[in-house]
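Peer 1: dropping the sequence and predicted coords here.
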Amino acid sequence: MERERMVEELSKIVGKENVLSSETDLFLYGYDASLFKAKPDCILFPGSTEEVSQIVKFCHREHIPVIARGSGTNLSGGTIPTRGGIILHFSRMNKILEIDIENQRAVVEPGLFTLALKNQLARYGFVYQPDPASEKVSTFGGNFAENSGGPHCLKYGVTTNHILGAEVVLPDGEVIQVGGKALDNPGYDLTGLLVGSEGTLGIATQLTLRIMPKSEAVKTMLAIYNSLEDAGRTVSAIIADGIVPATLEILDKLTIKAVEESVHAGFPLDAEAVLLIEIDGLKDGMERLAERIMEICRKNNAREVKSAKTEAERTQLWAGRKGAFGALSRLRPNYLVCDGTVPRTKLPEVLVQVMEVSKKYGLTIANVFHAGDGNLHPLILFDERDEEELRKVHLAGSEIMKLCADAGGTISGEHGIGTEKMKEMFFIFSPQDIAAMRKVKKAFDPEDICNPGKILPEVQA
Ligand SMILES: Cc1cc2nc3c(=O)[nH]c(=O)nc-3n(C[C@H](O)[C@H](O)[C@H](O)COP(=O)(O)OP(=O)(O)OC[C@H]3O[C@@H](n4cnc5c(N)ncnc54)[C@H](O)[C@@H]3O)c2cc1C
């Protein structure tokens with residue numbers, strides 16, 4: 001269909017003021033936080049489920065791709081309109097619809113920022129646990145579609161453990177409800193299937209979330225190391241001791257330097273690595289648990305273990321962790337965040353292998369990651385204007401994913417597959433596994449209009 005006519009038809013659904021289609025707009029909505037770019041045909045800002053349904057029905061009828069978009073912070077090319085089509089931007093559907101303290105649930109629209117809900121919940125002494133480092137701007141729609149993780153997911157589980165239901169517009173425009181406030185719903189677990197499906201099976205227009213009372217007490221510690229491997233070994237040792245802290249996050253030397261130059265979190269510049277540990281729960285027994293953890297750190301060669309004495313000190317340490325990607329982006333024009341997971345015990349050896357990849361390709365790699373989950377984030381720094389360097393970055397990124405897969409891990413801990421890692425799916429799945437997933441996609445979206453060209457590779461690598 002001609003773009004002009006398409007824009008005219010869609011304007012009738014959302015109103016002219018909620019459609020963008022100038023060349024500049026198409027450029028601006030053609031990229032996300034990944035390395036990929038492609039131009040959509042237009043951008044729509046729906047205001048209700050009914051409007052989303054009508055738009056999707058139109059796309060279904062006309063065979064036009066439709067791609068949901070939150071804040072575009074995903075790191076795997078999940079919102080790239082590789083086959084053109086319509087971007088559905090959810091910034092107008094960003095309300096908290098209900099906070100139900102008695103039942104420990106909240107109902108939100110998909111365009112709501114993750115932190116915006118947390119700020120409201122704090123007034124009731126409640127919390128929504130998943131905490132992607134991007135939470136200031138990431139939306140619940142994006143969290144839902146990527147099954148996002150975060151530092152506190154070690155103890156509390158990732159997004160799928162906290163989304164209990166959703167209102168979803170299917171690729172033919174029909175609206176369904178999956179799951180809900182109740183704990184166990186009969187029938188197929190469609191909520192489980194849809195969380196993490198990267199917008200390829202349907203579009204969420206409402207989400208029902210689990211919320212929890214805030215912990216009575218929290219303690220944050222920083223263990224400082226002269227070796228990155230020792231920091232990795234400490235993580236396994238703490239868990240092996242039967243302790244599950246709320247968070248176990250590692251930052252390496254290069255990350256520490258970048259953080260100190262921008263965020264000033266108080267990390268020592270001469271350390272090879274720091275391990276940020278947080279425990280939460282009842283006040284009673286917390287000091288004893290902290291002592292045990294500090295002892296394990298020292299046994300694994302931590303040269304110093306400090307603990308935050310005040311809320312301000314704690315906030316400062318977390319600012320260092322949450323600002324790490326931003327801090328690193330000051331060093332080179334671009335970065336690729338590799339997102340692989342390995343069994344925790346394999347962390348030290350895989351970290352050494354990652355640094356071998358860095359040497360092999362002559363690329364600078366920083367490491368900042370959710371160590372407790374074995375979720376590595378080697379960040380490759382580069383300049384995309386240098387084509388040769390860019391070529392090496394793609395090769396190195398793929399090689400790091402292979403290392404994770406070969407170590408018994410997987411190729412995404414939380415950032416999804418998107419456009420970026422489709423061929424790497426064969427590192428962990430057989431052609432039969434992929435074929436089974438393709439059948440699911442076909443059952444939901446036989447016309448292949450819902451975020452097409454994502455997750456599933458076309459042919460065997
Ligand atoms: C600095 C930085 C730090 C980050 N830290 C973390 C982290 O700690 N943990 C983590 O997991 N991720 C992290 N991320 C990645 C990213 O922020 C998350 O994936 C986040 O959930 C994406 O949210 P978004 O609103 O930006 O979604 P978008 O990027 O806009 O979209 C992501 C995917 O969701 C789909 N989508 C969006 N809305 C809907 C909807 N309503 N229905 C169906 N599908 C939809 C899109 O089509 C796309 O496939 C980080 C990114 C950056 C840039």
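Peer 2: Sure, I can see it.
Peer 1: CA only for contacts and neighbour counts going forward, please
Peer 2: OK.
Peer 1: chain center to stretch 239-252, what's the gap?
Peer 2: 19 Å (Cα atoms, centre = their mean, to the nearest Å).
Peer 1: can you point out the buried residues in that stretch?
Peer 2: By neighbour count with 16 or more other Cα atoms under 10 Å, stretch 239-252 contains the buried residues 239, 244-252.
Peer 1: pull the most distant pair out of the residues you listed.
Peer 2: Val244 and Asp252 (22.2 Å; Cα to Cα).
Peer 1: could you give the number of residues near the nearest residue to Cys42 once chain neighbours are set aside?
Peer 2: The spatial neighbour of Cys42 that comes closest, neighbours along the chain excluded (Cα to Cα, 6 or more residues apart in numbering), is Ser21 at 4.7 Å. Look at Ser21: counted by other Cα atoms under 10 Å, it has 17 neighbours.
Peer 1: cool, Glu17 as well?
Peer 2: Residues near Glu17, counting by other Cα under 10 Å: 9.
Peer 1: ok, now Asn18?
Peer 2: Other residues close to Asn18 by other Cα under 10 Å number 16.
Peer 1: doesn't Cys42 make contact with it?
Peer 2: No - counting by Cα atoms under 8 Å, Asn18 sits too far from Cys42 to count as a contact (10.6 Å).
Peer 1: what parts of this structure come near the ligand?
Peer 2: 33, 67-75, 78-79, 110, 132-134, 138-139, 141-143, 145-146, 148-150, 198-199, 202-205, 325-326, 414-415 (Cα under 6 Å from any ligand atom).
Peer 1: in contact with Leu269, which residues are there?
Peer 2: 253, 256-257, 260 (Cα atoms under 8 Å, 6 or more residues apart in numbering).
Peer 1: that older thread, among the residues of the chain next to the ligand, which ones are in strands?
Peer 2: Residues of the residues of the chain next to the ligand located in strands (DSSP state E): 67-69, 203-205.
Peer 1: tell me where the stretch 201-350 of the chain has helices.
Peer 2: Assigned by DSSP state H, counting those that start in this stretch, the stretch 201-350 of the chain shows helices spanning 228-240, 253-262, 286-299, 311-322, 324-328, 347-361.
Peer 1: so the fourth one versus helix 253-262, what angle?
Peer 2: Per axes from the mean of the first three to the mean of the last three Cα atoms, to 10 degrees, the angle that helix 311-322 makes with helix 253-262 is 120 degrees.
Peer 1: try the last one
Peer 2: Relative orientation of helix 347-361 with respect to helix 253-262: 80 degrees, computed using the same axes, to 10 degrees.
Peer 1: what's in contact with whatever helix or strand comes next after helix 347-361?
Peer 2: Proceeding N to C from helix 347-361, the next assigned helix or strand is strand 364-370, under DSSP states H and E. By Cα under 8 Å, 6+ apart, the surrounding residues in contact with strand 364-370 are 150-151, 247-255, 324, 355, 358, 375-382.
Peer 1: could I get the average pLDDT for the helix or strand immediately after strand 364-370 in the chain?
Peer 2: Stepping forward along the backbone from strand 364-370, the first helix or strand reached (DSSP H and E) is strand 375-376. Averaged over strand 375-376, pLDDT sits at 94.
Peer 1: list the contacts for the residue nearest to Cys42?
Peer 2: When contacts are counted by Cα under 8 Å, 6+ apart, Ser21 is found next to 7, 41-43.
Peer 1: that one and the ligand: what is the separation?
Peer 2: Here Ser21 is placed at a distance of 18 Å from the ligand (Cα to the nearest ligand atom, to the nearest Å).
Peer 1: Asp131 is in contact with His152, correct?
Peer 2: Yes - using Cα under 8 Å, His152 is in contact with Asp131, at 6.4 Å.
Peer 1: turn the contacts of Leu269 into JSON lines, columns for distance to Leu193 and pLDDT.
Peer 2: Listed next are the contacts of Leu269 as JSON lines, based on distance: Cα to Cα, whole Å; pLDDT from 0 to 100:
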{"residue": "Lys253", "distance to Leu193": "39", "pLDDT": "97"}
{"residue": "Ile256", "distance to Leu193": "38", "pLDDT": "97"}
{"residue": "Lys257", "distance to Leu193": "41", "pLDDT": "96"}
{"residue": "Glu260", "distance to Leu193": "41", "pLDDT": "96"}
